[in-house]
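Colleague: Make a model of this:
(chains A, B and C)
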Amino acid sequence: MTTERKLLKIYTTLLREYGQRNWWPAETSFEVILGAILTQNVSWKNVETAIHNLKEVNLLDPEKLYRCEIDTIAPLIKSSRYYNQKAKKIKNFMDFFYSDYHGSLEKMSLEDHSLLRTKLLKIKGLGEETVDSILLYSCNKPVFVVDAYTKRIFSRFGLIEETATYGETQHFFIKNLPQDIVLFNDFHAQIVHLGNTICKTQPQCNQCPIRIIDGKLKCRYPLENHS
DNA sequence: ACCCAGGGCGTTG
DNA sequence: CAACGCCATGGG
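Modeller: Residues are numbered from 1 along each chain as shown, chains lettered A, B, ... in the order given. Model (predicted):
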């Protein structure tokens, strides 16, 4: 069985088990960016509170957020942990967003995706996962997002090394999957859902619809076309 | 009281 | 390039 078939079988199983996750949880593409920064190393629940607070005072509007002081933002996003740093990160992004794209997500999304990735990575406070989340879920670019769950779960499946870097893990998925943006979108969402529910820290999860038995991949559902 | 959550950066060895 | 410390909330 090729690696590509294994990955698709895993994805098919997750899709059957949990249904389309239709990510990212946000009302606008701009909100996706804020969420991507705010969710760094914190549970999504904490981010929801922060986003809610920003919304209350109309700061989900890019123009207003851009003109806002860091000291105004920080207390509103307190629930997101590391709130002082994150307020700065948001500000750093907004400065870039306005200086390079006049605050237009449409313009930013027209940028060549590998160039945009390079530019976003230069913003202090935005690392690979945050940038790739923005590229995929806000700008609609075909990049595969890797997070702690991805490494944990897929190294447990024996498909990647435990010590695999972000880049190595990402390359593994890109190389072994059809370059389908909808697939990239939902696959990552499924992985997070799996990580959030039954595959937390246990070495073996009894409820998992995907198992490794004698080194072989056993899925609850067969491979099927997802188109 | 503990533990950990959808990271990233700066500093050291 | 590791392996750390730092940031510093909230829910289980």
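
Colleague: does residue A:211 count as helix, strand or coil?
Modeller: Of the three states, residue A:211 takes strand according to DSSP: H, G, I helix; E, B strand; the rest coil.

Colleague: Skipping its backbone neighbours, what lies nearest it in space?
Modeller: With CB to CB, 6 or more residues apart in numbering as the criterion, residue A:211 has its nearest non-adjacent residue at 4.6 Å, and that residue is residue A:218. No exception for glycine: its C-beta is placed from N, CA and C like everyone else's.

Colleague: Now do the contacts for that neighbour.
Modeller: Going by CB atoms under 8 Å, 6 or more residues apart in numbering, residue A:218 touches A:210-212.

Colleague: do residue A:94 as well
Modeller: Contacts of residue A:94 by CB under 8 Å, 6+ apart are A:62, A:65-66.

Colleague: 10 Å instead, please
Modeller: A:33-34, A:62-63, A:65-68, A:73, A:103, A:123 (CB atoms under 10 Å, 6 or more residues apart in numbering).

Colleague: circling back to that earlier point, could I get the contacts of residue A:218 as CSV with pLDDT and neighbour count?
Modeller: Putting these into CSV (pLDDT from 0 to 100; neighbours: other CB atoms under 10 Å) gives the following:
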residue, pLDDT, neighbour count
A:210, 90, 22
A:211, 87, 14
A:212, 83, 14
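
Colleague: quick one: which of the residues you listed is nearest to DNA strand B?
Modeller: residue A:210 (18.5 Å; CB to the nearest atom of the strand).

Colleague: surely that closest one meets residue A:194?
Modeller: Yes. The pair formed by residue A:210 and residue A:194 meets the contact definition of CB atoms under 10 Å, at 8.4 Å.

Colleague: So which residues on chain A come close to DNA strand C?
Modeller: Counting by CB under 7 Å from any atom of the strand, the residues of chain A close to DNA strand C are A:41-43, A:45-46, A:49, A:78-85, A:163, A:165.

Colleague: so which of these is the most crowded?
Modeller: residue A:80 (26 neighbours; other CB atoms under 10 Å).
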